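Visitor: Got a sequence here, can you build the structure:
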Amino acid sequence: MTIYQRILVPIDGSETARCGLQEAIRLAKAGGGQLCLFHVIDDLSFALAMDAYAGQQGDWLNTMREAGARLLDEAKGTAAAAGVKAEGVLYERVSTRLADAVAAEAAKWKADLIVLGTHGRRGVGRLLLGSGAESVLRSAPIPVLVVRAKATDAQPAEEAAEAPRVHVSLVTGALKIE
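Guide: Numbering: from 1, shown residues only. Below is the predicted model of the structure:
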């Protein structure tokens, strides 16, 4: 059985990323391994931050860096509380695919496993929103463990497995995915 010693964990603050982090911690603890927590500030995040802070003066990039650093610190604290050594990497990418950034960091850090969470989208939701996990799977130079978020009480497993519902407004033409 392969015991993974150097585990790269992309995190973004989402519930799915937290599930991936918990699984990576479990694996690292069982095998005496260590984690590299990897957070990416990308073009999309920057665009969303500019929209979220529209009308306010400030340095959006610095705000995003600070938020990313906090996210990494929290994840390192979670790992440390479990007795797992972890370091954090804040990566800024412009015109680089997220999957390529993850693959490059895996090679640079000499990781032997990537663990990441996924929303588990299928059908139209996956088509329209893409699949970051699938892109990482295709680009990764090492094994990838994809961890699906657990269903919550508000969303039982049966509902979580349903295909997304798509609605098109006949008035505005807006597309809504549930």
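
Visitor: contacts, neighbours, all on C-alpha from now
Guide: Noted.

Visitor: Low-confidence ranges, the protein, go.
Guide: For the chain, applying pLDDT under 70 flags the ranges 1-2, 42-58, 94-95, 119-131, 151-178.

Visitor: Show me what the longest helix seen in the chain is in contact with.
Guide: Criterion DSSP state H: the longest helix present in the chain is helix 60-81. Outside helix 60-81, the residues within contact range by C-alpha atoms under 8 Å, 6 or more residues apart in numbering are 11-13, 21, 25, 37-41, 46, 49-50, 53, 85-90.

Visitor: for it, which positions count as buried?
Guide: W60, M64, R65, G68, A69, L71, L72, D73, A75, K76, T78, A79 (16 or more other C-alpha atoms under 10 Å).

Visitor: do stretch 82-99 as well
Guide: Under 16+ other C-alpha under 10 Å, the buried positions of stretch 82-99 are V84, K85, A86, G88, L90, Y91, E92, R97, L98, A99.

Visitor: hmm, back to that, export the buried residues of helix 60-81 to JSON lines and append columns for distance to L145.
Guide: As requested, those are arranged in JSON lines below (distance: C-alpha to C-alpha, whole Å):
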{"residue": "W60", "distance to L145": "33"}
{"residue": "M64", "distance to L145": "27"}
{"residue": "R65", "distance to L145": "27"}
{"residue": "G68", "distance to L145": "23"}
{"residue": "A69", "distance to L145": "24"}
{"residue": "L71", "distance to L145": "21"}
{"residue": "L72", "distance to L145": "20"}
{"residue": "D73", "distance to L145": "23"}
{"residue": "A75", "distance to L145": "18"}
{"residue": "K76", "distance to L145": "20"}
{"residue": "T78", "distance to L145": "20"}
{"residue": "A79", "distance to L145": "18"}
